[in-house]
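[1] Here's my sequence, what's the structure:
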Amino acid sequence: IKLVNAYYDCDYKTYLNAMVEVEQVLLDDRYLQPHAAYWMRELHLLAYQQFLESYQSVRLDAMANAFGVSVDFIDTYASRFIASNRLSAKIDKFGGVIVTNRPDRKNAQYRDMIQKGDLLLNRIQKLARVVDL
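    The predicted structure follows:
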């Protein structure tokens, strides 16, 4: 309950502390123990996504302060999520900033429509060649 309430209230320090408690419960259960690392990673990702959703860019030190951890901790976890395309952002290490780059739905739909149109056009051309024979 503490974890969910902290997530809902955007209280990220409490959220990470509650994650430690949840992790201990997972590690103590012999069936859930093999999946504990996965759950912790996903819980971190949820918090980072929720935090970054409100910002176009945020300083690493401000994010670290909100989570109650070091800048290196935020940098390590965020860079893993960014590298695996789970977090739509870029880290400007020189400026100490995380810049979010949310994908634009209209552009994605447009690209998808163009690809499907190209495939349809190719099929029609192949069919036309077969009919001409």
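[2] Dead centre of the chain: give me the residue that sits there.
    For the chain, L87 is the residue whose C-alpha lies nearest the centre (C-alpha atoms, centre = their mean; 2.8 Å).
[3] how close does that residue get to Y48?
    Going from L87 to Y48 by C-beta to C-beta, to the nearest Å gives 6 Å. Every C-beta, even on glycine, is put in place using the N, C-alpha and C of the backbone.
[4] if I look at the two, which residues touch both of them?
    Common neighbours of L87 and Y48, using C-beta atoms under 8 Å, 6 or more residues apart in numbering, are A78, F81.
[5] The residue nearest to the centre of the chain: what secondary structure?
    The local conformation at L87, judged by DSSP: H, G, I helix; E, B strand; the rest coil, is coil.
[6] May I ask which helix or strand encompasses A78?
    Secondary structure from DSSP states H and E places A78 in helix 71-83.
[7] Also I98?
    Using DSSP H and E, I98 falls in strand 97-100.
[8] After that strand, heading C-terminal, what element do we hit next?
    Counting by DSSP H and E, the next helix or strand C-terminal to strand 97-100 is helix 105-132.
[9] re earlier: and the helix holding A78, what other elements does it pack with?
    helix 36-53, helix 60-67, strand 89-92 (3 or more C-beta pairs under 8 Å, 6 or more residues apart in numbering; DSSP states H and E).
[10] Show me which parts of that helix are buried, residue by residue.
    For helix 71-83, burial by neighbour count (16 or more other C-beta atoms under 10 Å) applies to I74, D75, Y77, A78, S79, F81, I82.
[11] measure S57 to D118 for me?
    36 Å.
[12] Who has more neighbours out of those two?
    A count of neighbours by other C-beta atoms under 10 Å puts S57 above the other of S57 and D118, at 14 against 10.
[13] bridging residues for the more buried one?
    V99 (DSSP bridges).
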